[in-house]
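*Asks:* Mind folding the following:
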Amino acid sequence: MFLERARLLRDPIAKGVGLPAGEGRPVFLIPGYLAGDVSLVVLARALRRAGYRTKSAGIRLNIGCANEMLAPLEVRLERHVARYGRKALVIGQSRGGAFARLLAARRPDLVDGLITLGTPLLDPLAVHVLVLLNVGLVGTLGTLGLPGLLSINCTRDNACCESVRRQYESPLPANFPFASFYSRSDGIVDWRACLDPDARHVEVDSSHCGMAWNADVLRAIGFELARARVAPASASSIIAA
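*Replies:* Numbering: from 1, shown residues only. All right, here's what the predicted structure looks like:
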């Protein structure tokens with residue numbers, strides 16, 4: 001991912017060159033598991049230079065209980081939309097993409113489109129075994145009372161996140177613009193778990209953590225931004241290379 005970032009910083013796309021004009025469109029960015037807003041700074045800067053109004057999720061480290069994290073995210077998105085008077089495009093990386101889809105299902109009045117980057121939409125636990133071990137460790141610490149962490153109960157079907165899980169499985173509005181980016185060389189997430197049938201599938205050549213730092217991915221994001229609407233097409237796939 002550091003090689004991807006180094007290449008991106010030498011590419012004009014990092015300065016917004018080649019992205020479609022944002023014309024003040026609001027964008028809300030949500031980082032992935034074990035990451036914070038800083039992980040999406042390069043992407044946010046490129047979008048701002050192209051004329052988009054970006055807003056971070058206000059997350060230092062995405063390791064909290066989804067049930068507790070969702071309400072503050074919703075409030076932050078609501079304020080961003082109210083400030084500019086237009087619904088926002090929501091971009092989420094990895095676990096952040098799951099929150100993005102939750103927001104789209106829960107508040108379609110706030111979300112104009114959705115892009116997920118390496119998000120295991122069909123199975124949140126379809127990840128590398130080392131990540132599962134990390135989730136277990138974080139969950140154990142949260143269960144023991146360490147504040148700000150998810151707990152073991154968060155991974156159980158009948159526990160604290162049940163209402164969030166139901167919302168997550170809710171259908172999105174018809175013809176809702178939704179693009180799910182995936183990479184067969186992801187290394188962390190099983191790419192097949194990214195193939196949500198409600199999404200347009202966009203294949204990219206990228207590492208998991210470097211997906212927001214990859215010049216080709218940014219170009220593919222630009223292509224999605226340029227589409228007036230992203231029609232759901234479970235069989236469609238675009239390879240960014």
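
*Asks:* Now do the strands in the chain.
*Replies:* Along the chain, counting by DSSP state E, strands occupy 26-30, 53-56, 88-93, 111-117, 178-182, 200-204, 233-240.

*Asks:* I'd like these as TSV, with mean pLDDT and mean neighbour count appended.
*Replies:* Yep, even glycine has a C-beta here, placed from its N, CA and C like the rest. Formatted as TSV, the strands of the chain follow (pLDDT from 0 to 100; neighbours: other C-beta atoms under 10 Å):
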stretch	mean pLDDT	mean neighbour count
strand 26-30	97	25
strand 53-56	98	20
strand 88-93	97	27
strand 111-117	96	25
strand 178-182	97	27
strand 200-204	96	22
strand 233-240	40	13
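
*Asks:* Tabulate the ones you listed in a markdown table, adding columns for distance to Val164.
*Replies:* Formatted as a markdown table, the strands of the chain follow (distance: least, C-beta to C-beta, whole Å):
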| stretch | distance to Val164 |
| --- | --- |
| strand 26-30 | 14 |
| strand 53-56 | 21 |
| strand 88-93 | 15 |
| strand 111-117 | 16 |
| strand 178-182 | 19 |
| strand 200-204 | 24 |
| strand 233-240 | 24 |
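
*Asks:* Which one of these lies nearest to Met211?
*Replies:* strand 111-117 (4.5 Å; C-beta to C-beta).

*Asks:* Give me the distance between the residue nearest the centre of the chain and Gly18.
*Replies:* Note on the chain: the residue nearest the mean C-alpha position is Gly92, at 1.3 Å, using C-alpha atoms, centre = their mean. Distance of Gly92 to Gly18, computed by C-beta to C-beta, to the nearest Å: 22 Å.

*Asks:* Low-confidence regions, this structure specifically.
*Replies:* 155-161, 228-241 (pLDDT under 70).

*Asks:* swap the cut-off to 50 and go again
*Replies:* 228-241 (pLDDT under 50).

*Asks:* quick one: furthest residue from the center of it?
*Replies:* The chain, farthest from centre, C-alpha atoms, centre = their mean: Leu144 at 28.8 Å.
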